[in-house]
Every structure is written in C-alpha cells, then in structure tokens.
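Sequence first, then the predicted structure:
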Amino acid sequence: MLKKLLSSITGQILAVLLGLAIVSACTLDSSAKNAPGLSLANTNWELQKLGKESVTSDRPLTLNFDDSRLTGYSGCNRYFGSYTGSGDGVFSTGPLGATKMACMGEKSLLEQRFIEQLKKASQYAIAHNQLHLLDAERNILMMFSATKPESGVTK
C-alpha cells in the first residue's frame, strides 16, 4: 500500500511536504537554541545620548547590570536599585537610591535628566553593542555603548 501511495503523484507530494516539514522543524529548533535572548544581566554600558543629544562629561555616565540589581554613575553620584528585564525587551526599575555628593549647575541638571529618563524606561533593545532604553511609545530615551566592567567597584 505504501509503495502504491508513493508511486502516485499525491503520494509523492505528501512525501516531499513531510520531508520539508521535518527539515523546517529541525531548523527552527536549532536557531532557537543559538539565538540569545535580550539579556541585561552582567552587562555594562556607557551613556552616549540622552534623548537626541550627545552627552559629553569629564567622567562617563554608566549603567551596569547584574542578575537583579543595577548600579552606575549618574554625573555626580553613584546610584543603585533593582530592575527587571525580560527576554522580549520589557524593562522596569525598582526604587533607586544614590549617594549624596554636592553637585551644581550643568552636572546637576544632567544627573536629574538621566535619573528621570531611567525611571521612565519601559522597554529596551540591544543591537550592535548598543543599548537603547525606550518609553512605552518606543521613543528612545537613552542610548548606551557596551563597555567593560569597572575595576574595583563592587555591586
């Protein structure tokens, strides 16, 4: 019966479709294993843009992630807090704390804007060694470049 089915046109088409389905399933499974999720854990970033403006500072503003905590330098102070980031790009911060170094003028304004934008972020995207933090409408709030971990800093 199988020989009769395979000798018919319909049987041959079914055999080809079955073969393609098997190859396709194997390919999808393989790519799912090799494609990394969007993970923030154990990554370190240096601020390049705040909104559409490039950021220049005598000391770079940073954002560092471990498994559930974030830390960094915001222009005058070191800050810290918790975050959640899912593999599909959803992001949020918990309450943030910071040191209380005196800060005036441009640095103070930059730090305030940085922390405000960090709190507003609800999505993220990573591509080409860049991290984009986005608001709910997918507007870019901040853009970071990947960097190496800071030496001597404990999280």
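Yep, it's here.

mind listing what Thr84 touches?
The contact partners of Thr84, by C-beta atoms under 8 Å, 6 or more residues apart in numbering, come to 68, 90-92, 94. Where C-beta positions appear, they are placed from N, C-alpha and C, glycine not excepted.

closest to Leu110 among the residues you listed?
Phe91 (21.5 Å; C-beta to C-beta).

any idea which helix or strand carries the closest one?
strand 91-98 (DSSP states H and E).

any idea how far that strand is from the chain center?
16 Å (C-alpha atoms, centre = their mean, to the nearest Å).

which one of the contacts of Thr84 sits closest to Met142?
Using C-beta to C-beta, those come closest to Met142 at Phe91, 11.3 Å.

got the contact list for the closest one?
40, 83-85, 121-124, 133 are the contacts of Phe91 under C-beta under 8 Å, 6+ apart.

What's the PyMOL line that selects buried ones from the residues you listed?
If you want just the buried ones from the contacts of Phe91 in PyMOL, going by 16 or more other C-beta atoms under 10 Å, the selection is:
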select buried, resi 40+83+85+121+122+123+124+133
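
Of the contacts of Thr84, grab the buried ones for ChimeraX.
A single ChimeraX command is used to select the members of these judged buried by 16+ other C-beta under 10 Å:
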select :91
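
Sort the contacts of Thr84 by pLDDT and name the bottom one.
Of all the contacts of Thr84, Ser68 carries the smallest pLDDT score, 93.

How about Phe114, nearest residue that isn't a chain neighbour?
Ser74 (5.0 Å; C-beta to C-beta, 6 or more residues apart in numbering).

Same question for Glu111.
Going by C-beta to C-beta, 6+ apart, Glu111 has Gly75 as its nearest residue, at 3.6 Å.

you'd agree that neighbour is up against Cys103?
Yes - here Gly75 reaches Cys103: they are 7.1 Å apart, a contact under C-beta atoms under 8 Å.

Now do the shared contacts for these two.
Glu111.

With neighbour numbers in mind, choose between those two.
More crowded of Gly75 and Cys103, by other C-beta atoms under 10 Å: Gly75, with 24 against 16.

Go through the helices and strands of this protein and name the one with the lowest mean pLDDT.
The weakest-scoring helix or strand in the chain, judged by mean pLDDT, DSSP states H and E, is helix 9-34 (a mean of 51).

Now the element after it, going C-ward?
Taking DSSP H and E, what comes next after helix 9-34 is strand 43-50.

quick one: strands adjacent to that next one?
strand 53-54 (antiparallel), strand 62-65 (antiparallel), strand 140-146 (antiparallel) (DSSP bridges).
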